[in-house]
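Participant: Provided below for reference: sequence and predicted model.
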Amino acid sequence: MTIQSCGSYDEKWDWYSISLAQGDLCLTFDGLSRQDIESLADLAMCLLYRDGEPYTWSSEFEPNDVY
């Protein structure tokens, strides 16, 4: 299975858009804040959780460990 993604940032409205697609299905989120994007990243990292390994999804932000 291959998941394709793309995203953009609108400086005028200070919002983000992200699309995820697989096969004939596509899901698009529009009008997301930076906090919304961070929450989506946290969700993705939850799915990659391994017992005993702290995860930080970006080195630019404070550690955001998932347990």
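Facilitator: Received it, and whenever you're ready, just let me know what you need.

Participant: part of a helix, is C6?
Facilitator: No. The assignment for C6 (DSSP: H, G, I helix; E, B strand; the rest coil) gives strand, which keeps it out of a helix.

Participant: For the chain, just list every one of the strands.
Facilitator: According to DSSP state E, the chain carries its strands in the segments 4-10, 15-22, 25-32.

Participant: okay, these in TSV with mean pLDDT, distance to L40 and mean neighbour count next?
Facilitator: All C-beta spots, glycine's among them, are computed from the backbone N, C-alpha and C. Formatted as TSV, the strands of the chain follow (pLDDT from 0 to 100; distance: least, C-beta to C-beta, whole Å; neighbours: other C-beta atoms under 10 Å):
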stretch	mean pLDDT	distance to L40	mean neighbour count
strand 4-10	93	10	11
strand 15-22	95	7	15
strand 25-32	95	8	12
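
Participant: Just put those in JSON lines and tack on distance to S39.
Facilitator: What follows is the strands of the chain, written out as JSON lines (distance: least, C-beta to C-beta, whole Å):
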{"stretch": "strand 4-10", "distance to S39": "15"}
{"stretch": "strand 15-22", "distance to S39": "12"}
{"stretch": "strand 25-32", "distance to S39": "9"}
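
Participant: Indicate which one of the ones you listed is closest to C46.
Facilitator: Between C46 and the strands of the chain, the shortest gap by C-beta to C-beta is with strand 15-22, which sits at 16.2 Å.

Participant: Dump the C-alpha coordinates for stretch 30-45 into CSV.
Facilitator: The C-alpha atoms that make up stretch 30-45 are tabulated as CSV, following Å, rounded to 0.1, in the frame of the first residue of the first chain:
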residue,chain,number,x,y,z
ASP,A,30,-8.3,22.7,5.0
GLY,A,31,-8.0,25.7,7.3
LEU,A,32,-5.7,24.0,9.9
SER,A,33,-3.8,26.0,12.4
ARG,A,34,-0.2,25.2,13.4
GLN,A,35,-1.5,23.5,16.5
ASP,A,36,-3.8,21.4,14.4
ILE,A,37,-0.9,20.2,12.3
GLU,A,38,1.1,19.4,15.5
SER,A,39,-1.8,17.4,16.8
LEU,A,40,-2.0,15.4,13.5
ALA,A,41,1.8,14.7,13.8
ASP,A,42,1.2,13.6,17.4
LEU,A,43,-1.5,11.2,16.2
ALA,A,44,0.8,9.7,13.6
MET,A,45,3.6,9.2,16.1
